[in-house]
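K.L.:
pasting a predicted model and its sequence here:
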Amino acid sequence: MDTIQTVLAQPERLPISAPWKPKKRPVRDAEATPTWYSHALAARLPPERQRVQCPRCFGHGSGAGRVLVRITNTETGEVTTPGCIACWDSYADRPCPAHICHVCDGSGFVCPLCRGDRFVNGNFMPGHPEFGHALKCHVCTEGNGVNEDLEKRAITTYLAKHPAPQW
Ligand SMILES: [Zn+2]
Ligand SMILES: [Zn+2]
Ligand SMILES: [Zn+2]
């Protein structure tokens, strides 16, 4: 324990709280997402073509959200919140493995029939032995797996059949 004398000899150590000053906050924060996120083609599909837009990441290739946001103080140019470094800098043109959307594998596009589920409702009538069962999507799966080429082709065909894109 300090004696009164020693405390008085060091006035800065007096147990009196300093007057509260509001913390200086950056005047302006600019928020940005990685280019692959903000410029994702699948995220900008018009409503009538959104059947091929990944429902999990809404076409962005990642559903990670705020983790990706990089905040820069526009006054000083200082990056105050870097966001996921791997998504921004290491991978740069695609989401990092931790943040990539597992439904569309980062492409933002999904099979127009099953929308990335890989299964479709069998559409059997009640009473049918298969009623309520899901069937493997015949558009994008082959054998026991997903056939990426088939899926890509289905997406391209779907887009080609619909009104010309705006990009
Ligand atoms: Zn990431
Ligand atoms: Zn996705
Ligand atoms: Zn499918």
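P.N.:
Perfect, thanks for sending it. As the structure is a prediction and not an experimental result, all values here were calculated from the model. Ligands and ions are numbered 1, 2, ... in the order given.

K.L.:
only C-alpha atoms from now on, for both contacts and neighbour counts.
P.N.:
Fine.

K.L.:
now do the buried residues in stretch 35-42.
P.N.:
Residues of stretch 35-42 classed as buried by neighbour count (16 or more other CA atoms under 10 Å): 36-37, 40-42.

K.L.:
err, stretch 151-159, not the other one
P.N.:
Buried, per 16+ other CA under 10 Å, within stretch 151-159: 151-152, 154-155, 158-159.

K.L.:
average pLDDT for that stretch?
P.N.:
Mean per-residue pLDDT for stretch 151-159: 94.

K.L.:
stretch 82-95 close to ligand 2?
P.N.:
No. Shown here: stretch 82-95 not in contact with ligand 2 (CA under 5 Å from the ion), separated by at least 10.6 Å.

K.L.:
report the mean confidence score over that stretch.
P.N.:
95.

K.L.:
now do the same end-to-end measure for that stretch.
P.N.:
Start-to-end span of stretch 82-95 (CA to CA, to the nearest Å) is 15 Å.

K.L.:
now tell me what touches that stretch from outside.
P.N.:
Outside of stretch 82-95, the residues within contact range by CA atoms under 8 Å, 6 or more residues apart in numbering are 34-36, 61-62, 66-71, 96, 99-100, 106.

K.L.:
switch the buried residues of stretch 151-159 over to JSON lines; also include secondary structure and distance to ligand 3.
P.N.:
Below are the buried residues of stretch 151-159 laid out as JSON lines (DSSP: H, G, I helix; E, B strand; the rest coil; distance: CA to the ion, whole Å):
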{"residue": "151", "secondary structure": "helix", "distance to ligand 3": "7"}
{"residue": "152", "secondary structure": "helix", "distance to ligand 3": "10"}
{"residue": "154", "secondary structure": "helix", "distance to ligand 3": "9"}
{"residue": "155", "secondary structure": "helix", "distance to ligand 3": "10"}
{"residue": "158", "secondary structure": "helix", "distance to ligand 3": "12"}
{"residue": "159", "secondary structure": "helix", "distance to ligand 3": "15"}
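
K.L.:
for those, name the two members farthest from one another.
P.N.:
Spatially, the most separated pair among these is 151 and 159, at 12.3 Å (CA to CA).

K.L.:
closest to ligand 3 out of the contacts of stretch 82-95?
P.N.:
Comparing those against ligand 3 with CA to the ion places residue 106 closest, at 16.2 Å.

K.L.:
after the helix or strand of the chain with the lowest mean pLDDT comes which helix or strand?
P.N.:
Ranked by mean pLDDT, DSSP states H and E, the helix or strand of the chain with the weakest confidence is helix 4-9, at a mean of 66. Using DSSP states H and E, the next helix or strand after helix 4-9 towards the C-terminus is strand 29-32.
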